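[1] with the input below, show me the fold.
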Amino acid sequence: MTHSAKRIVITGANGFIGAALAHHFAAGGAEVVGFVRPDSELWRLDDVSLMLHTGDIRKPATLAGVFTGADWVIHTAGKLGEAGVPEEAYYDVHVNGTRNVLQAVSAESPSARVLHISSPGVLGPLLGISPTRFPDEATPIAPSNPYERTKAVGEWVAQQFAASGLDVVIVRPEFVYGPGDVHVLGLFKMIERGLFFYIGDGDNWCHPSYIDDVVRGMALALERGRSSEIYHITGERPQRWRAFAEAIASALDVKPPRIHVPRALVLAGAMAGEGVGKFIGRKPPLSRTGVDFFSENRGTSCVKARVELGYTPEIDIVTGTRRAVAWYRERGLL
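    Numbers count the residues shown, from 1 in each chain. Below is the predicted model:
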């Protein structure tokens, strides 16, 4: 797949997904422009041929000139969910920042195609699901925390710009992992050290998606997606947490997790840990957001992306976790 004629601007280009996209498009011959904060770590971009602009999507003046001549714009910049972050901080990035980016694109390259990176988290935790029927893009949103609520409003902003004539496609990548990620590294470390435990029975659903699949899906959305439409870019199918944890353990060549702890007990411990952490100025080992992540049901259908984009996820959790572990070990992270 070649993109040699394209000028592609990526916001948040130093992040896990942003850098993977930069690698992909630069390797295909595109002229890649990365927009990053002045204090960003750039190690993921060490071997990528690209031009860098520094600034802050929350500050419109720093976006001036960034999108001039762009054929495609990929808006990946965002704020990861974590404990203790006020909702206003997420709103400033996911809503105000998105509006600033799209206004700048509209002014400088109004014919550009924009890929807005959202999250299936806007659907909230899944209730009453069936293993044969997971939420699709038509499912009503039901965000349950500050991260999800502000991502949902960010989607609405993107759709407003699309309704005004900007060519915007929205994708929701689900629980992305693989080489280049350090956000999920803690999970691998916990399993390697025998410290991971299931919250409840371990039969709740998650939806791991390998980074290479996600990048291919996003490239297809740019090429074939319909303006203003939303596409779930995910792994082949949702997995039980038990299955994913066991795949990680197998990749690490350690015993799979066996301990189960009731959710109420873990939640009480997380609340206490957050209180102590706030007092001493340290992040707790497990926050209430983390408890939700490991105990709720999450997963989506990617049938629309399969049918409309020709997207087919190729990397299963056995292959994906082995590749992730190999990457972590090559860099001394495990």
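[2] just the CA coordinates for stretch 18-30, please, in CSV.
    Taking C-alpha atoms only, stretch 18-30 is exported to CSV below (Å, rounded to 0.1, in the frame of the first residue of the first chain):
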residue,chain,number,x,y,z
GLY,A,18,0.3,8.2,16.4
ALA,A,19,3.8,6.9,16.1
ALA,A,20,2.7,3.6,14.6
LEU,A,21,0.7,5.5,12.0
ALA,A,22,3.7,7.7,11.3
HIS,A,23,5.9,4.6,10.7
HIS,A,24,3.3,3.1,8.4
PHE,A,25,2.7,6.1,6.2
ALA,A,26,6.4,7.2,6.0
ALA,A,27,7.3,3.6,4.9
GLY,A,28,4.7,4.0,2.2
GLY,A,29,6.4,7.1,0.8
ALA,A,30,4.1,9.8,2.3
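[3] list the buried residues of it.
    Neighbour counts over stretch 18-30 (16 or more other C-beta atoms under 10 Å) mark 18-26, 30 as buried. C-beta here means a position set from N, CA and C on the backbone, and glycine is covered the same way.
[4] chain center to it, what's the gap?
    Distance, stretch centre to chain centre, for stretch 18-30: 17 Å (C-alpha atoms, centre = their mean, to the nearest Å).
[5] any idea of the mean pLDDT in it?
    For stretch 18-30, the mean pLDDT works out to 96.
[6] then stretch 207-217?
    Taken as a whole, stretch 207-217 has a mean pLDDT of 98.
[7] pull that stretch out as CSV, backbone CA atoms only.
    C-alpha atoms of stretch 207-217 as CSV (Å, rounded to 0.1, in the frame of the first residue of the first chain):
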residue,chain,number,x,y,z
HIS,A,207,-11.5,-6.6,23.4
PRO,A,208,-7.7,-6.5,22.8
SER,A,209,-6.7,-5.2,19.3
TYR,A,210,-3.2,-5.6,18.0
ILE,A,211,-1.5,-2.4,16.9
ASP,A,212,-0.7,-3.5,13.3
ASP,A,213,-4.4,-4.4,12.7
VAL,A,214,-5.5,-1.1,14.1
VAL,A,215,-3.1,0.8,11.8
ARG,A,216,-4.3,-1.1,8.7
GLY,A,217,-7.9,-0.4,9.7
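[8] just to revisit the earlier point, now secondary structure and distance to residue 195 too, for the buried residues of stretch 18-30, in a markdown table please.
    Output for the buried residues of stretch 18-30, formatted as a markdown table (DSSP: H, G, I helix; E, B strand; the rest coil; distance: C-beta to C-beta, whole Å):
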| residue | secondary structure | distance to residue 195 |
| --- | --- | --- |
| 18 | helix | 31 |
| 19 | helix | 29 |
| 20 | helix | 29 |
| 21 | helix | 33 |
| 22 | helix | 34 |
| 23 | helix | 33 |
| 24 | helix | 35 |
| 25 | helix | 39 |
| 26 | helix | 38 |
| 30 | coil | 43 |
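[9] and residue 104, what does it touch?
    60, 63-64, 66-67 (C-beta atoms under 8 Å, 6 or more residues apart in numbering).
[10] quick one: the helices in the stretch 151-300 of the chain?
    In the stretch 151-300 of the chain, the segments counted as helices under DSSP state H, counting those that start in this stretch are 185-192, 211-224, 241-252, 263-280, 288-295.
[11] the second one - contacts with which helices or strands?
    Put plainly, it is helix 211-224. Applying 3 or more C-beta pairs under 8 Å, 6 or more residues apart in numbering; DSSP states H and E, we find helix 211-224 packed against helix 16-27, strand 72-75, strand 113-117, strand 167-173, strand 176-177, strand 230-233, helix 303-309.
[12] one step back: now the contacts of residue 104 as a markdown table including secondary structure?
    Compiled in a markdown table, these are given as follows (DSSP: H, G, I helix; E, B strand; the rest coil):
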| residue | secondary structure |
| --- | --- |
| 60 | helix |
| 63 | helix |
| 64 | coil |
| 66 | coil |
| 67 | coil |
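[13] just the buried subset of those residues, please.
    Among those, those buried by neighbour count (16+ other C-beta under 10 Å) are 60, 63, 66-67.
[14] low-confidence ranges, this protein, go.
    Scanning the chain for pLDDT under 70 picks out 1-5, 83, 128-132, 270, 273-279, 281-282, 284-285.
[15] fine by me, we can end here.
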